[in-house]
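Visitor: Build the 3D model from these lines:
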Amino acid sequence: MAGRDGSSSSQLHQAGFPQGLRLWGRYISLSGRMPDKSSGDLGADGYHKYKGDVQLMSDTGLEAYRFSISWSRLLPRGRGPINPKGLQYYNHLINELVKRGIEIHVTLYHLDFPQILEDEYHGWLSPRVVEDFTAYADVCFREFGDRVRHWTTMDEPNVISIAAYDNGAFPPCRCSAPFGINCTAGNSSVEPYIVGYHSILAHAAAVRLYREKYQATQKGVVGMNVYSFWNYPFSSSPADVEATQRSLDFMIGWIVNPLVYGDYPEVMKRIIGSRLPKFTKQQSEMIRGTADFIGINHYTSVYVSDRSNAADTTGPRDYNADLAATFRFSRDDPATGQFIPINMPSDPQGLQFMLEYLTQTYNNIPVYIQENGYMSLFNDSIHDHERTEFLSGYIGSALAALRNGANVKGYFVWSFLDVFELLAGYISRYGLYHVDFQDPELPRVPKLSAQWYGKFLRGEIGINIEDVISNDARSHAEQ
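Guide: Numbers count the residues shown, from 1 in each chain. The predicted structure follows:
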């Protein structure tokens, strides 16, 4: 069961929490880009309500809880002195989870880069980020590692690289014409790959530190997260089948291949050429084998068709031009040149296929589904039958993959509570528990899905895997 703490920067500051500015904080507060014009200042107020929230987790029957630590809240200057209020808050939350017997999974970086370091050296574009991220990770391992056994270094570096440095949808909103919208700086042809390169090096440096300094006594594991969607060929043509594999290599292999094998997929090196930063022999040896597990955020599947013949080989190129594929949520949808996560249909079998693919492609690496959930718009009903059906299908799919030999270690629902969602504010609801953001008390009310999930975790109801898997899925699994 996954979630991020619902505390907000405003609430923490009012509580004497002198956290540093964050990229997302500035982006939201200065641009007012949320559809509902919300700022996220209050959020679900996990800072004050953590005890009650952890009690709800225990009452629901959660065995594990995933949350992220804010780099800026713990180290206001990005490096150096620790903020005592930040340290106290995270210790309180962790201790409460330990008291309730809930296993703790911590993500060190979830799109929350210190603004001060962005201003100093452009963040993930600079090799200096490797040292600063490793020092931040060291603080977290040292202060919390006696109680935390599962660490994820970064959330969705594959998405951050594209959304923040190719099309400019995420802060720091860097891109270049003709690929982005309203960006004032950037280079979409090279910057996404530079950011991915530094993300991999920073992860590996943090893992090496943990293994050398902490693992013997703390007995924990460290992994990395990627965003995933399953890929079906749009047709049986060799070009579409090849584009489907290329999409998997560009989205998953870009990050996971170096962590397992020490280098990028061959297709990326061939297509991107000199724009793709090369790992030295020493770097390759350092990064290989640095993932104790892979975490995936997974919500849907797409149909992929080839567009390599339509790609402009003479003009500037970006990630999507290099990938040279089109995506559809169904065979009847119009094609788009990039994956756009809006109105995503449910396809539980796609999760099974992804889990089996990761096991077969990456040496049986352990996999956690770290995000999977159902979105409702606006103030959705507590009678959320659709969410219950969604979760039942996807959990069943994960169980089917496990039965077929996939090395699945855990499943986390996004999210425990309704929270402030990046890019969507409060109009996008994923929670098992409803939060009334108009009520100053921010009451938590269990939805139907929370009741169902609690019964499932307590073994009071089960999931019939045979109802989830179609004949096509069985055929795929057998292959």
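Visitor: quick one, what contacts residue 354?
Guide: Residues near residue 354 by C-beta atoms under 8 Å, 6 or more residues apart in numbering: 228, 229, 230, 296, 298. In short, each C-beta sits where N, CA and C put it, glycine included.
Visitor: three-state assignment of the closest residue to the fourth one other than its chain neighbours?
Guide: Across the structure, with C-beta to C-beta, 6 or more residues apart in numbering as the measure, the residue nearest residue 296 apart from its sequence neighbours is residue 228 (4.5 Å). Put simply, residue 228 is strand when judged by DSSP: H, G, I helix; E, B strand; the rest coil.
Visitor: can you check the one 4 residues further on too?
Guide: Assigned state for residue 232: strand (three-state reduction, three-state DSSP).
Visitor: Wait, it touches residue 300, no?
Guide: No. When contacts are counted by C-beta atoms under 8 Å, residue 232 is not listed as touching residue 300 (11.3 Å).
Visitor: any common contacting residues for those two?
Guide: Common contacts of residue 232 and residue 300 (C-beta under 8 Å, 6+ apart): residue 350.
Visitor: re earlier: with distance to residue 333 and neighbour count added, can I get the contacts of residue 354 in a markdown table?
Guide: Formatted as a markdown table, the contacts of residue 354 follow (distance: C-beta to C-beta, whole Å; neighbours: other C-beta atoms under 10 Å):
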| residue | distance to residue 333 | neighbour count |
| --- | --- | --- |
| 228 | 20 | 29 |
| 229 | 14 | 25 |
| 230 | 16 | 20 |
| 296 | 24 | 22 |
| 298 | 20 | 24 |
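Visitor: for those, which one is nearest residue 207?
Guide: Nearest to residue 207, judged by C-beta to C-beta, of those is residue 296 at 18.1 Å.
Visitor: what bridges to that closest one?
Guide: Beta bridges link residue 296 to residue 226, residue 369 when assigned by DSSP bridges.
Visitor: How about exporting stretch 260-272 as CSV, limited to the C-alpha atoms?
Guide: Output of stretch 260-272 as CSV, limited to C-alpha atoms (Å, rounded to 0.1, in the frame of the first residue of the first chain):
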residue,chain,number,x,y,z
VAL,A,260,21.5,-4.6,-14.4
TYR,A,261,23.9,-4.9,-17.3
GLY,A,262,26.0,-1.7,-17.1
ASP,A,263,25.0,0.0,-20.3
TYR,A,264,22.0,1.3,-22.3
PRO,A,265,20.1,-0.9,-24.7
GLU,A,266,21.9,-1.2,-28.0
VAL,A,267,18.9,0.3,-29.9
MET,A,268,19.2,3.6,-27.9
LYS,A,269,23.0,3.8,-28.5
ARG,A,270,22.5,3.2,-32.2
ILE,A,271,19.7,5.7,-32.7
ILE,A,272,20.7,8.5,-30.4
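Visitor: What mean pLDDT does it get?
Guide: The pLDDT scores in stretch 260-272 average 98.
Visitor: List the buried residues in it.
Guide: Residues of stretch 260-272 classed as buried: 260, 261, 262, 263, 264, 265, 267, 268, 271, 272 (neighbour count, 16 or more other C-beta atoms under 10 Å).
Visitor: Next: stretch 162-177.
Guide: Across stretch 162-177, burial judged by 16+ other C-beta under 10 Å covers 162-176.
Visitor: Kindly check the end-to-end length of that stretch for me.
Guide: By C-alpha to C-alpha, to the nearest Å, the extent of stretch 162-177 from end to end equals 14 Å.
Visitor: any idea how far it is from the chain center?
Guide: Relative to the centre of its chain, stretch 162-177 is centred 18 Å away, using C-alpha atoms, centre = their mean, to the nearest Å.
Visitor: after the longest helix along the chain, next one along is what?
Guide: Secondary structure assigned by DSSP state H gives helix 191-213 as the longest helix of the chain. The C-terminal neighbour of helix 191-213 among helices and strands, as given by DSSP states H and E, is helix 215-218.
Visitor: If you count neighbours, what's buried in the helix or strand containing residue 395?
Guide: Element membership for residue 395 (DSSP H and E) is helix 385-403. Residues of helix 385-403 classed as buried: 386-388, 390-402 (neighbour count, 16+ other C-beta under 10 Å).
Visitor: can you list the residues that contact that helix?
Guide: Counting by C-beta under 8 Å, 6+ apart, 346, 348-352, 355-356, 359, 369, 372-374, 376, 408, 411, 413, 432, 447-449, 452-453, 456, 463-465, 467-469, 473, 477 sit against helix 385-403.
Visitor: Repeat the analysis, applying 6 Å as the threshold.
Guide: 346, 348-349, 351-352, 355-356, 369, 372, 374, 408, 411, 448-449, 452, 463, 465, 468-469 (C-beta atoms under 6 Å, 6 or more residues apart in numbering).
Visitor: Which parts of this protein are strands?
Guide: Applying DSSP state E to the chain gives strands spanning 64-68, 103-109, 150-154, 221-233, 294-306, 325-328, 367-371, 376-377, 408-411, 428-429, 433-435, 444-446.
Visitor: Generate a markdown table for those, with distance to residue 79 and mean pLDDT as supplementary columns.
Guide: What follows is the strands of the chain, written out as a markdown table (distance: least, C-beta to C-beta, whole Å; pLDDT from 0 to 100):
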| stretch | distance to residue 79 | mean pLDDT |
| --- | --- | --- |
| strand 64-68 | 19 | 97 |
| strand 103-109 | 14 | 98 |
| strand 150-154 | 17 | 98 |
| strand 221-233 | 20 | 98 |
| strand 294-306 | 26 | 97 |
| strand 325-328 | 40 | 95 |
| strand 367-371 | 27 | 98 |
| strand 376-377 | 40 | 81 |
| strand 408-411 | 32 | 98 |
| strand 428-429 | 34 | 75 |
| strand 433-435 | 34 | 92 |
| strand 444-446 | 36 | 95 |
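Visitor: Output those strands in a markdown table; the columns should cover distance to residue 182.
Guide: Putting the strands of the chain into a markdown table (distance: least, C-beta to C-beta, whole Å) gives the following:
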| stretch | distance to residue 182 |
| --- | --- |
| strand 64-68 | 28 |
| strand 103-109 | 26 |
| strand 150-154 | 27 |
| strand 221-233 | 24 |
| strand 294-306 | 27 |
| strand 325-328 | 24 |
| strand 367-371 | 29 |
| strand 376-377 | 25 |
| strand 408-411 | 38 |
| strand 428-429 | 23 |
| strand 433-435 | 32 |
| strand 444-446 | 38 |
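Visitor: Quick one: closest of the ones you listed to residue 137.
Guide: strand 103-109 (5.7 Å).
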